[in-house]
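**Q** here is the input, now give the coordinates:
(one chain, ligands or ions: 1)
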Amino acid sequence: MKPEFSHPASLSVSGSISPTAAMTVYNPTIPYLGPIVGGLKQGSSISFQGSTPENMTRFQINLLCGDSDSNDIALHFNPRHDQGDQVVFNSRQDGEWGKEIVKNFLPFMIGQAFDMVILVTPPGYQIKVNGKDFYTFPFRLPVDRVRALQIEGDVSIRTIIITKE
Ligand code: GAL
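**A** So this is what the prediction gives:
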């Protein structure tokens, strides 16, 4: 006698899923510090949908090499609107900031929504804001040391989506 298999006619899932979305965070409270489970590797990405307040001074997005804010920082992304418009990029090792890389404009509109992606590419962390390339911060610390995401300062975030390729 032949074994019989029954096949479901279809499978349905409700809600929207993305096969590569490893982690999604909705409406995080700022300051936010949360794990990047499994870490990052080439092809991973972190997407943000958020907005800046009308009275924005500064905010920062950090990729931390550990789960506390005293750990090394592989990427410090720090838009500033309080001393001209600029974005400061840096890393921090053993409590010491490295050499700053400063871009003298803000890719955001103050008081408006934006989306942003940090993409792990061969040369470094490629930052795109509102679909436009902004800057690629070269790796200074190995990407496989990154363990957590930290967001502080004058920004609201609606969603964070972390994908692993
Ligand atoms: C310092 C600032 C830190 C960080 C650092 C980057 O002046 O206090 O928060 O932004 O610059 O180099």
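**Q** now Phe77: how far from the ligand?
**A** For Phe77, the distance to the ligand equals 10 Å [CB to the nearest ligand atom, to the nearest Å]. For every residue, glycine as well, the C-beta is placed using N, CA and C.
**Q** ok, Asn104 - contacts?
**A** Going by CB atoms under 8 Å, 6 or more residues apart in numbering, Asn104 touches Gly84, Asp85, Gln86.
**Q** ok, now Lys132?
**A** Per CB under 8 Å, 6+ apart, neighbours of Lys132: Pro107.
**Q** check the gap between it and Asp115 for me.
**A** Separation of Lys132 from Asp115 (CB to CB, to the nearest Å): 11 Å.
**Q** on that earlier part again, out of the contacts of Asn104, which comes closest to Leu40?
**A** Nearest to Leu40, judged by CB to CB, of these is Gln86 at 25.9 Å.
**Q** right, and the closest one touches Ile101 too?
**A** No - using CB atoms under 8 Å, Gln86 makes no contact with Ile101, being 10.5 Å away.
**Q** near the ligand, which residues of the protein?
**A** His76, Asn78, Val88, Asn90, Trp97, Glu100 (CB under 6 Å from any ligand atom).
**Q** compare neighbour counts for Gln86 and Ile101 and give me the winner.
**A** Gln86 (17 against 14; other CB atoms under 10 Å).
**Q** for the more buried one, list each beta-bridge partner.
**A** Arg80 (DSSP bridges).
**Q** list the contacts for it?
**A** Gln86 touches Pro79, Arg80, Val102, Lys103, Asn104, Phe105, Leu106, counting by CB under 8 Å, 6+ apart.
**Q** please enumerate the strands of this protein.
**A** 21-26, 32-35, 45-51, 59-64, 73-80, 86-93, 96-97, 101-103, 113-120, 124-129, 132-138, 148-153, 156-163 (DSSP state E).
**Q** now render those as a markdown table, adding mean pLDDT.
**A** Output for the strands of the chain, formatted as a markdown table (pLDDT from 0 to 100):
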| stretch | mean pLDDT |
| --- | --- |
| strand 21-26 | 88 |
| strand 32-35 | 97 |
| strand 45-51 | 98 |
| strand 59-64 | 98 |
| strand 73-80 | 98 |
| strand 86-93 | 98 |
| strand 96-97 | 98 |
| strand 101-103 | 98 |
| strand 113-120 | 98 |
| strand 124-129 | 98 |
| strand 132-138 | 98 |
| strand 148-153 | 98 |
| strand 156-163 | 97 |
